[in-house]
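Show me the folded form of this:
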Amino acid sequence: MPLPAGLRALESRDFRVYYAGNLVAQIGSWMQTVAQSWLVLQLTDSAFLLGLTATLQSGPILVLSVFTGALADRLTKRNILIFTQAVQGVLALTLGALVWSGHVRYGYVAVMAVTWGVMNALDQPTRLSFIMELVGRQYLVSAVGMNSASFNTARIVGPAVAGVLIARVGLFTGFILNALAFVISIIALTRVPARGPSARPGAATFLEEIAEGIGYATHTPAVRFVLSLQAIVSFCVFNFSVYVPLLARHVLGLGSEGFGFLMASLGVGAVAAGLSLGGIGPRQPPPEVIVTALAVACAGLLGLSVTRDFWLAAVLLGAVGLTGTLVSAGCNTSLQLTAPDRLRGRMMSLYAVLSGGIFPIGAFFVGSLSQTWGVATAFAVNGALGLSALGATLWFHRAGARRLGRA
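The predicted model follows:
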């Protein structure tokens, strides 16, 4: 019996093995995200430092991803992923030991956040382009949708488990369990055959290859448009590690378990988005769907700016999670299906810059707004800013299309 369209990527044995290990690692990472956010609030009780931590952890993606994307096109992707996960596992174990021993300080958290970010800068473009190697073009949409669904299943399970463990056992458990999750993920990766990089024409230097990727993106209208949409959703919408703990603690008066539930609500909507994307078949998501989803996500932020009810906040976060994920996964799929094979790592590096690298700027902005005027104002400002930026992007894209039509 054939699998449903959204699950067709599971017909690949290599993808099944990778998917299982990656799901475990993602659950562990979300547990650590919750534990780290709560740890920073316990140590500092500062919205500014919470935003700064997120900035430090994601900043290296902004600075380094263009270079690491070219590395992903040159080296064996599986081996890169084993290396990055091993380093991140050691970092998680070290931070867990510091928390358990009572010697943790905010400075230690900040240094490890930067180191984690450097590993993410290498991991993300590699991981994103690795999916095509596992399933090919035929099942790419299914694989991206399923990967998004697993990421957001982890967003449900990880925060929910972490919230309970933080309250009943201690913060250190989130870090220790994440280290164990990386061990499982590395074992799964070793069971996937290593595939060498695609052949590169000519003898271009490393910097020339980076310039080639940037040139392709800037001179291809469809790629420019998709990257613009990703920039908007990353800056305005995907600041949940700052938004949600502040909403839980300072607006709704919740503890760690309520915080975990709100983070899980985001995941419920996002899982639904990932599975829905996989159901469209091998073609790219229509641009109109991505644009509409982005508009709804920004409107959801405006709704969160005025709600003071726990259940309404959970529903709105679920809606923002669904639509925001449709935007991000739809942009990912569109770029991968548009890019030539030899440029895929570099295109995914630009996607990583905009999906993860812009986040530290957005997180710093949200943290600063929340510190000065409150998280409700931060929701309202980013919702309005996102809708305005979307309108401007559509105008410029259509004006460019009209100029090309007259040429």
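
When you work out contacts or count neighbours from here on, use the C-alpha atoms and nothing else.
OK.

CA atoms of the one helix or strand in the chain whose mean pLDDT sits lowest as PDB?
Of all helical and strand segments in the chain, the minimum by mean pLDDT, DSSP states H and E falls on helix 256-278, at a mean of 77. Taking C-alpha atoms only, helix 256-278 is exported to PDB below (Å, rounded to 0.1, in the frame of the first residue of the first chain):
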ATOM      1  CA  SER A 256       7.800  26.800  33.800                       C
ATOM      2  CA  GLU A 257       5.100  24.300  33.100                       C
ATOM      3  CA  GLY A 258       2.800  27.000  31.600                       C
ATOM      4  CA  PHE A 259       5.700  28.300  29.600                       C
ATOM      5  CA  GLY A 260       6.300  24.800  28.300                       C
ATOM      6  CA  PHE A 261       2.700  24.400  27.300                       C
ATOM      7  CA  LEU A 262       2.700  27.700  25.300                       C
ATOM      8  CA  MET A 263       5.800  26.600  23.500                       C
ATOM      9  CA  ALA A 264       4.100  23.300  22.700                       C
ATOM     10  CA  SER A 265       1.100  25.200  21.300                       C
ATOM     11  CA  LEU A 266       3.500  26.700  18.700                       C
ATOM     12  CA  GLY A 267       4.600  23.200  17.800                       C
ATOM     13  CA  VAL A 268       1.100  21.900  17.300                       C
ATOM     14  CA  GLY A 269       0.400  24.400  14.600                       C
ATOM     15  CA  ALA A 270       3.800  24.000  13.000                       C
ATOM     16  CA  VAL A 271       3.500  20.200  12.800                       C
ATOM     17  CA  ALA A 272       0.200  20.600  11.000                       C
ATOM     18  CA  ALA A 273       2.000  23.000   8.600                       C
ATOM     19  CA  GLY A 274       4.800  20.600   7.800                       C
ATOM     20  CA  LEU A 275       2.400  17.700   7.100                       C
ATOM     21  CA  SER A 276       0.200  19.900   4.900                       C
ATOM     22  CA  LEU A 277       3.200  21.100   2.900                       C
ATOM     23  CA  GLY A 278       4.200  17.500   2.200                       C
END
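
so where is the stretch 101-250 of the chain shaky, pLDDT-wise?
198-203 (pLDDT under 70).

hey, where'd the helices end up in it?
106-135, 140-168, 172-190, 206-218, 221-232, 240-246 (DSSP state H, counting those that start in this stretch).

of these, which approaches S276 most closely?
Of all the helices of the stretch 101-250 of the chain, it is helix 140-168 that lies closest to S276, at 7.4 Å by CA to CA.

So which elements touch the closest one?
helix 13-44, helix 106-135, helix 172-190, helix 256-278, helix 310-338 (3 or more CA pairs under 8 Å, 6 or more residues apart in numbering; DSSP states H and E).

of all these, which lies closest to E208?
Of these, nearest to E208 by CA to CA is helix 106-135, at 18.2 Å.

that older thread, immediately after the least confident helix or strand of the chain, which helix or strand?
The C-terminal neighbour of helix 256-278 among helices and strands, as given by DSSP states H and E, is helix 287-304.

roughly how far is that next one from the heart of the chain?
In terms of CA atoms, centre = their mean, to the nearest Å, the centre of helix 287-304 is found 17 Å from the chain centre.

Show residues contacting it.
229, 233, 236-237, 313, 316-317, 319-321, 323-324, 326-327, 330-331, 376, 379-380, 382-384, 386-387, 390 (CA atoms under 8 Å, 6 or more residues apart in numbering).

Can you flag the buried ones in those residues?
229, 233, 236-237, 313, 316-317, 319-321, 323-324, 326-327, 330-331, 376, 379-380, 382-384, 386-387, 390 (16 or more other CA atoms under 10 Å).

Quickly compare the helices and strands packed on helix 140-168 and say which is most buried.
Mean neighbours per residue, mean count of other CA atoms under 10 Å, is largest over the helices and strands packed on helix 140-168 for helix 256-278, with a mean of 25.

Specify the angle between that helix and helix 310-338 in degrees.
Angle between the axes of helix 256-278 and helix 310-338 is 40 degrees (criterion: axes from the mean of the first three to the mean of the last three CA atoms, to 10 degrees).

Mind giving me the packing neighbours of helix 256-278?
Here helix 256-278 touches helix 140-168, helix 240-246, helix 310-338, going by 3+ CA pairs under 8 Å, 6+ apart.

which residue sits closest to V271, ignoring its sequence neighbours?
The shortest distance from V271 to any non-neighbouring residue, by CA to CA, 6 or more residues apart in numbering, is to A149 (4.2 Å).
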